[in-house]
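Participant: My questions are about this predicted structure, shown below with the sequence.
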Amino acid sequence: MSAAFPLYGHSTQEERFLAARASGRLHHGWIFQGPSGIGKSIFARRIAGLMLGAAAPGAGLDDKTMQLVLSGGHPDLKWVQRGLNEKGKLRQDITVEQIRELNQFFTLRPAMAGWRVGVIDSLDEMNVSGMNALLKTLEEPPNNALLILVSHSTQPILPTIRSRCQVLRLYPLSEEDTKAVLSSHDGSPDLAMDLAPGRPGYGLELSQTAGAKAVQSARALLRNVRKPSGGVVSAALTSVLVDEGSLNAFTDTLLNWVAEKADVDPELSQTWLKMHQVRATADELNLTPLQTATKLFSVLQDGVKAVSA
């Protein structure tokens, strides 16, 4: 029987976790860090299932523990993610109340397994109040408790949290693994691979939304970033107006481009940090999507011109 949560890529990372577990000195807090759409949540479910009594991380659906993990019904697993507000819309953040519930969950004795596992998916969607509340569990971890923090690396991680966790970095998938993931989904796999190489989950999401147009418009902008035509600039900036996903796709495309260029010219690292800060503080400053996109492009152009001067 196939695995309840198939693993594509990340085998080295799983081996590292298994080695830590086998040593008898497993750290209580882990950050699974990497770009969105590469399978970090699935990876976390495999690890959670193992800790809660599954025969192996790759156990199939005939394994009762994996059945409970898949259904969300395991009493010793608490999965924390953004919920809906009173209007039925997805909240902007994981609330501090959710983190307090997680802290309370860890004070209870395991009901079925020898461990309790909490997963925050994702750390990027927590506000500072929530992160500070989380420190209570990280500073005073109960016995036989494992906390997994999924991070997409879109927001800085508080040093007080990072210093109390083991960081396991996960990377975009190979072309072969990406194709394997996409082959089991409906949609356009070629478009998904083009939009987000190595990130099949994110590519599928983009291919089915207005984010695809935002990515393509951003790429057109980057082809002549120093002096793009007015029409190209207008098309790129207005592509973010559809929804938040479009702005995120636009931002992600620009940031990835700068990151690649920074490998050759390290001075662009500062430009990446400035752009990252623009996106991270946009909501706090009440910037509209158009204002955010315009500011991102302005910072990018200034950085590119400074390097080439």
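Facilitator: In hand now; what should we look at?
Participant: just checking, what packs against the helix or strand hosting A306?
Facilitator: Per DSSP states H and E: A306 is located in helix 289-308. With contacts taken as 3 or more C-beta pairs under 8 Å, 6 or more residues apart in numbering; DSSP states H and E, helix 289-308 sits against helix 230-238, helix 244-264, helix 268-281. Where you see a C-beta, it was placed from the backbone N, CA and C, and this is true even at glycine.
Participant: Identify whichever of the ones you listed lies nearest to M112.
Facilitator: helix 244-264 (37.9 Å; C-beta to C-beta).
Participant: Quick one: work out the angle between the closest one and helix 230-238.
Facilitator: Comparing the axes of helix 244-264 and helix 230-238 via axes from the mean of the first three to the mean of the last three C-alpha atoms, to 10 degrees yields an angle of 120 degrees.
Participant: Going forward, count from 480.
Facilitator: I'll keep to 480 as the first residue from here, and by that count the last item is helix 723-743.
Participant: now the helix holding A785, how far from the centre of its chain.
Facilitator: 24 Å (C-alpha atoms, centre = their mean, to the nearest Å).
Participant: Quick check: buried residues in that helix?
Facilitator: Residues P768, T771, A772, T773, K774, L775, F776, V778, L779, Q780, G782, V783 are the ones in helix 768-787 that count as buried (16 or more other C-beta atoms under 10 Å).
Participant: Kindly report the same for stretch 609-619.
Facilitator: So, applying 16+ other C-beta under 10 Å, buried residues of stretch 609-619: G609, M610, A612, L613, T616, L617.
Participant: Let me see the confidence value for the second one.
Facilitator: Right, M610. Looking at M610, its pLDDT is 89.
Participant: Please tell me how far it sits from D731.
Facilitator: 23 Å (C-beta to C-beta, to the nearest Å).
Participant: so where is this structure shaky, pLDDT-wise?
Facilitator: 480, 633-635, 788 (pLDDT under 70).
Participant: in the stretch 530-679 of the chain, which spans are helices?
Facilitator: Applying DSSP state H, counting those that start in this stretch to the stretch 530-679 of the chain gives helices spanning 543-550, 575-584, 607-618, 638-641, 654-661, 668-674, 679-686.
Participant: quick one, which of the ones you listed is packed in tightest?
Facilitator: Comparing the helices of the stretch 530-679 of the chain by mean neighbour count (mean count of other C-beta atoms under 10 Å), helix 679-686 comes out on top with a mean of 24.
Participant: Remind me what it packs against, helices and strands.
Facilitator: helix 654-661, helix 668-674, helix 690-701, helix 723-743.
Participant: want to throw these into CSV with distance to A483?
Facilitator: Below are the helices and strands packed on helix 679-686 laid out as CSV (distance: least, C-beta to C-beta, whole Å):
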stretch, distance to A483
helix 654-661, 16
helix 668-674, 23
helix 690-701, 29
helix 723-743, 29
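Participant: returning to that earlier point: identify whichever of the helices and strands packed on helix 768-787 lies nearest to Y650.
Facilitator: The closest of the helices and strands packed on helix 768-787 to Y650 is helix 723-743. By C-beta to C-beta, the value is 13.1 Å.
Participant: residues touching the spatially closest residue to Q577 that is not a sequence neighbour, list them.
Facilitator: Once flanking residues are discounted, Q577 sits nearest to V559: 5.4 Å by C-beta to C-beta, 6 or more residues apart in numbering. By C-beta atoms under 8 Å, 6 or more residues apart in numbering, the residues touching V559 are I573, Q577, I578, E580, L581, G597, V598, I599, D600.
Participant: That's all I had, so thanks and see you.
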